[in-house]
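> Turn this into a structure:
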Amino acid sequence: MIGRQFLATNLWIWWIGSLFAFFLIGLIWASLFEYYFAGWNTQLIAVAGASLSLIVGSVYSTFLSSMTRNYLSGPTSYARLLVAICHAGDAIAGYYSVRDGDEDFSKSMIDLKSVLQHLGFYSYRLFSETNADRLGEKESRPTLPISLLSTESIASVIDSTPTIYAVSNIPPELMQINNDAIKNNAWELIYSIRIFYYARIARMRNELSDLELIERSMKPLNSVWQILEEIEVSGQIHEPKIFQLHIQALFMLYFFVWIPVSTWAAIGWIGTIIIYPFIAMAFLGIAIYNAWIGDPFHSNRPALIFDLYAKREQYIINHMEEKFKK
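So this is what the prediction gives:
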């Protein structure tokens, strides 16, 4: 699996390019000290390097954990939202099935199902701002002309041509939201969906006499609103850039200057230009992989963590429509 991914993508180019860059860095610093600073106390440099490694090592482990956590935070949040919507859809579909003869109640449950579909679908844009897909009454998928595919990837063509996914029984208010989806951002769409939801609940209180059943119908959506609130809050809070710049400057100084110099002090010129590229690759490989993988929501990503694009259609369109089939 790893070998196939290494050979089938451009990862091997990143590897070779990175090793060559590290080789040049090691060659430059080892040569500089070999020919101009050969009289320096190499033993002192080696001891100082070992002491500094303890400090940088603790910072590096924190940085590594943060990089992995930050990369997975978006996909994890959206996957949690899809699962919560799936569970809420199950509950609403259950209520819908046992009150099939009550037309007003059935219509209310179908409207709540539509709310869930629109929330889950347009929440994708919170993580992929360029995605312009919409929901509608008729499906419209992009055509892939052969002439265009000869110069661009299929993923790029699909991204540039929005898809309209067909769902049933869209209320007029939500249909208007779908029309506004062309120009509005994700949060504006979610706020409009939330306003419709509470307006629909208010109408249910007037139309239906069983208030306890109404409250039970609202409860499954609580976890959906909670996850959306968490996503919104996390999107408002950002780490100060100076923190990141400080860590990056520390790593640049340590890995690109101090390591080759201290390696030269420990094993000499030839050993440094041979060993340093592999030392640097061992510690900086994660950052290189992170840059290579890119955005987890982009269709051109070379490594598939979780096919969120396909899961959106599976959970929001296919499964939800199947649950409410008569």
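
> which regions of this structure lie under the pLDDT threshold?
Confidence mapping of the chain against pLDDT under 70 gives the ranges 1-10, 38-58, 99-101, 142-160, 299-306, 326.

> Can you show me the helices along it?
Remark: helices of the chain, listed N- to C-terminal, are 2-8, 11-36, 42-98, 103-122, 146-149, 154-160, 172-180, 186-207, 211-218, 222-236, 241-253, 259-293, 308-312, 320-323; assignment by DSSP state H.

> Adding distance to Leu135 and mean neighbour count as columns, could you present those helices in JSON lines?
Yep, even glycine has a C-beta here, placed from its N, CA and C like the rest. What follows is the helices of the chain, written out as JSON lines (distance: least, C-beta to C-beta, whole Å; neighbours: other C-beta atoms under 10 Å):
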{"stretch": "helix 2-8", "distance to Leu135": "34", "mean neighbour count": "10"}
{"stretch": "helix 11-36", "distance to Leu135": "36", "mean neighbour count": "15"}
{"stretch": "helix 42-98", "distance to Leu135": "14", "mean neighbour count": "16"}
{"stretch": "helix 103-122", "distance to Leu135": "6", "mean neighbour count": "22"}
{"stretch": "helix 146-149", "distance to Leu135": "26", "mean neighbour count": "10"}
{"stretch": "helix 154-160", "distance to Leu135": "17", "mean neighbour count": "15"}
{"stretch": "helix 172-180", "distance to Leu135": "5", "mean neighbour count": "16"}
{"stretch": "helix 186-207", "distance to Leu135": "10", "mean neighbour count": "16"}
{"stretch": "helix 211-218", "distance to Leu135": "22", "mean neighbour count": "14"}
{"stretch": "helix 222-236", "distance to Leu135": "17", "mean neighbour count": "14"}
{"stretch": "helix 241-253", "distance to Leu135": "37", "mean neighbour count": "12"}
{"stretch": "helix 259-293", "distance to Leu135": "29", "mean neighbour count": "18"}
{"stretch": "helix 308-312", "distance to Leu135": "11", "mean neighbour count": "17"}
{"stretch": "helix 320-323", "distance to Leu135": "11", "mean neighbour count": "16"}
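
> Of those, which is nearest Lys138?
Nearest to Lys138 among the helices of the chain is helix 172-180 (11.3 Å), distances taken as C-beta to C-beta.

> Report the angle between that closest one and helix 103-122.
Using axes from the mean of the first three to the mean of the last three C-alpha atoms, to 10 degrees, the direction of helix 172-180 lies 20 degrees away from that of helix 103-122.

> and the angle from helix 172-180 to helix 186-207?
Using the same axes, to 10 degrees, helix 172-180 lies at 170 degrees relative to helix 186-207.

> Show residues contacting helix 172-180.
The set of residues that contact helix 172-180 without belonging to it, under C-beta atoms under 8 Å, 6 or more residues apart in numbering, is 114-115, 118, 134-137, 170, 188-189, 192-193, 196, 199.

> of all the residues you listed, which comes closest to Ser97?
Within the set of the contacts of helix 172-180, Ser114 lies nearest Ser97; the separation is 16.9 Å, counting by C-beta to C-beta.

> ok, that closest one touching Pro171?
Yes: the pair Ser114 and Pro171 passes the contact test of C-beta atoms under 8 Å, sitting 6.0 Å apart.

> on that earlier part again, could I get the contacts of helix 172-180 in TSV, plus columns for distance to Val83?
Listed next are those as TSV, based on distance: C-beta to C-beta, whole Å:
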residue	distance to Val83
Ser114	19
Val115	17
His118	17
Arg134	23
Leu135	20
Gly136	25
Glu137	27
Ile170	23
Glu188	25
Leu189	21
Ser192	24
Ile193	19
Phe196	23
Ala199	27
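
> Okay, domains of the protein per the record?
With automatic domain parsing serving as the domain definition, the record reports that the chain contains domains spanning 2-71+244-293, 76-238+308-323.

> Give the full set of residues in contact with Phe278.
Leu19.

> how close does it sit to Val233?
43 Å (C-beta to C-beta, to the nearest Å).

> what does Val59 give?
Looking at Val59 against Val233, where the rule is C-beta to C-beta, the gap reads 27 Å.

> before we move on, what about Glu103?
40 Å.
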